[in-house]
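> Requesting a structural model of the entry that follows:
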Amino acid sequence: MGDLIFKKMKNIIIFTKSFFLLRPRFISTIFFIPILYGIGWALSQPLLLLNVEKENLSLIGTIFTFLLFIFFLPSWFYIRWNISSTWVLLGITKHKLLKNFFHFSQGILFSLFLIILILVPLLQNNYVSWIGEFSPSILLNSILLALGVGFAEEIIFRGWLLEELKFEYGTKIAITLQALVFSFVHPFSNDIFWNIIGLRLGFILLGIFLSLVRIKDKGSLWNCIGIHGGLVGIWFFVNNGLIEFKENTPSFLAGPFTQNVPNPIGSFSAILILFFLCIFYWIKSKKIFFRTFN
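Coordinates of the predicted model:
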């Protein structure tokens, strides 16, 4: 029995190495996450026997997928690129705890500033009504959403994918490609052409901006996690009790609406702000860019 388990484990290791070393390399990069998602989905299915709701099953499957991703990530970089210090490479080391916390807090505050900038033209034109209802459960959900989405998506896109593409194609192309992937993996339920264009463009600019932030921070990912998580968590909190958008609110100012809640990343204000931020951070990070990443 023990020999059989050992042989199966050995076969799994051989298969994993073979998959990670597929040529051309971009094949394994493309299929890495989908394969993990399929495994995560399969692992979550037995929970149906415990009467877990199907709506929650999708979330559980996604959590399993991310845990598998974290588990295999060190092997990915070691087998493909002979790099053993994966977490140092991705900029999320436990060293310099106070500095990491400072970067994360800085990102949260920066995201709050961005949201305020987006809300200013809406408030000036009376498109927003103040409700001011506070709910501890909404606050908790906002915090969990900020930490979960911020950490997971930044590890995947500005961490793993950016580094992988950088090894393959160089930093400039890697920044652009990961931003495109970041934009197009986000599903939209809006069928209006200009709204779709606005959302795609907004996510592309956000992906580029966060990459430049990481470069400016000399590889640290914590500021990016704070900004991304803050944008998601704070916007969720604001829209669940604090404010309400009026029916005549234009999408180009608030962003395309889904169930009466706009996605501000597709608004004209967000696109304009992110565009100028990308230019500013590109200029600011230029010396670091050439010294560290080339």
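> So which elements touch the strand or helix carrying Leu123?
For Leu123, the host element (DSSP states H and E) is helix 97-124. Under the contact definition 3 or more Cβ pairs under 8 Å, 6 or more residues apart in numbering; DSSP states H and E, helix 97-124 sits against helix 222-237, helix 251-254, helix 268-292. (Each C-beta comes from the backbone N, C-alpha and C, glycine too.)
> residues of it that come out buried?
100, 103-104, 106-108, 110-111, 114-115, 118-119, 122 (16 or more other Cβ atoms under 10 Å).
> what does the helix or strand following that helix rub up against?
Using DSSP H and E, the helix or strand that directly follows helix 97-124 along the chain is strand 128-130. Contacts with strand 128-130, where a contact means Cβ atoms under 8 Å, 6 or more residues apart in numbering, come from Leu119, Leu122, Leu242, Ile243, Glu244, Phe245, Lys246, Thr249.
> quick one: average confidence on strand 128-130?
The average pLDDT within strand 128-130 is 88.
> repeat for stretch 58-70
Averaging pLDDT along stretch 58-70 gives 93.
> circling back to that earlier point, let me have the buried residues of helix 97-124 in a markdown table, extended by distance to Ser84 and pLDDT.
Putting the buried residues of helix 97-124 into a markdown table (distance: Cβ to Cβ, whole Å; pLDDT from 0 to 100) gives the following:
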| residue | distance to Ser84 | pLDDT |
| --- | --- | --- |
| Asn100 | 21 | 91 |
| His103 | 24 | 93 |
| Phe104 | 26 | 96 |
| Gln106 | 30 | 95 |
| Gly107 | 28 | 97 |
| Ile108 | 32 | 97 |
| Phe110 | 33 | 96 |
| Ser111 | 33 | 97 |
| Leu114 | 37 | 95 |
| Ile115 | 39 | 95 |
| Ile118 | 42 | 93 |
| Leu119 | 46 | 93 |
| Leu122 | 49 | 92 |
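> Farthest pair within those?
Asn100 and Leu122 (33.9 Å; Cβ to Cβ).
> what stretches of the protein score poorly on pLDDT?
1-9, 11-12, 190, 287-294 (pLDDT under 70).
> ok, which stretches of it are helices?
2-20, 26-44, 54-81, 86-90, 97-124, 136-154, 162-169, 171-184, 193-216, 222-237, 251-254, 268-292 (DSSP state H).
> so can I have a markdown table of those helices showing distance to Trp130?
Putting these into a markdown table (distance: least, Cβ to Cβ, whole Å) gives the following:
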| stretch | distance to Trp130 |
| --- | --- |
| helix 2-20 | 53 |
| helix 26-44 | 41 |
| helix 54-81 | 31 |
| helix 86-90 | 41 |
| helix 97-124 | 9 |
| helix 136-154 | 16 |
| helix 162-169 | 39 |
| helix 171-184 | 32 |
| helix 193-216 | 25 |
| helix 222-237 | 14 |
| helix 251-254 | 15 |
| helix 268-292 | 19 |
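> So which of those is the most surrounded?
Ranked by mean neighbour count, the helices of the chain are led by helix 222-237 with a mean of 24 (mean count of other Cβ atoms under 10 Å).
> Using CSV, list the CA coordinates for that helix.
Extracted C-alpha coordinates of helix 222-237, given in CSV (Å, rounded to 0.1, in the frame of the first residue of the first chain):
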residue,chain,number,x,y,z
TRP,A,222,2.1,45.4,-0.4
ASN,A,223,1.2,48.9,-1.7
CYS,A,224,-0.5,47.3,-4.7
ILE,A,225,-2.4,45.0,-2.4
GLY,A,226,-3.5,48.0,-0.3
ILE,A,227,-4.6,50.0,-3.4
HIS,A,228,-6.5,47.1,-5.1
GLY,A,229,-8.0,45.8,-1.9
GLY,A,230,-9.0,49.3,-0.8
LEU,A,231,-10.7,50.1,-4.1
VAL,A,232,-12.8,47.0,-3.8
GLY,A,233,-13.5,47.0,-0.1
ILE,A,234,-14.1,50.7,0.4
TRP,A,235,-16.4,50.9,-2.7
PHE,A,236,-18.4,48.0,-1.4
PHE,A,237,-18.7,49.6,2.0
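> quick check, distance from the helix holding Leu123 to the centre of its chain.
From the chain centre to the centre of helix 97-124 is a distance of 16 Å (Cα atoms, centre = their mean, to the nearest Å).
> now stretch 193-210
Centroid displacement of stretch 193-210 relative to its chain, using Cα atoms, centre = their mean, is 14 Å.
> Can you tell me the closest non-neighbouring residue to the residue positioned nearest the centre of the chain?
Nearest to the mean C-alpha position of the chain, by Cα atoms, centre = their mean, lies Glu153 at 2.5 Å. Closest residue in space to Glu153, ignoring its immediate chain neighbours: His228 at 6.1 Å, by Cβ to Cβ, 6 or more residues apart in numbering.
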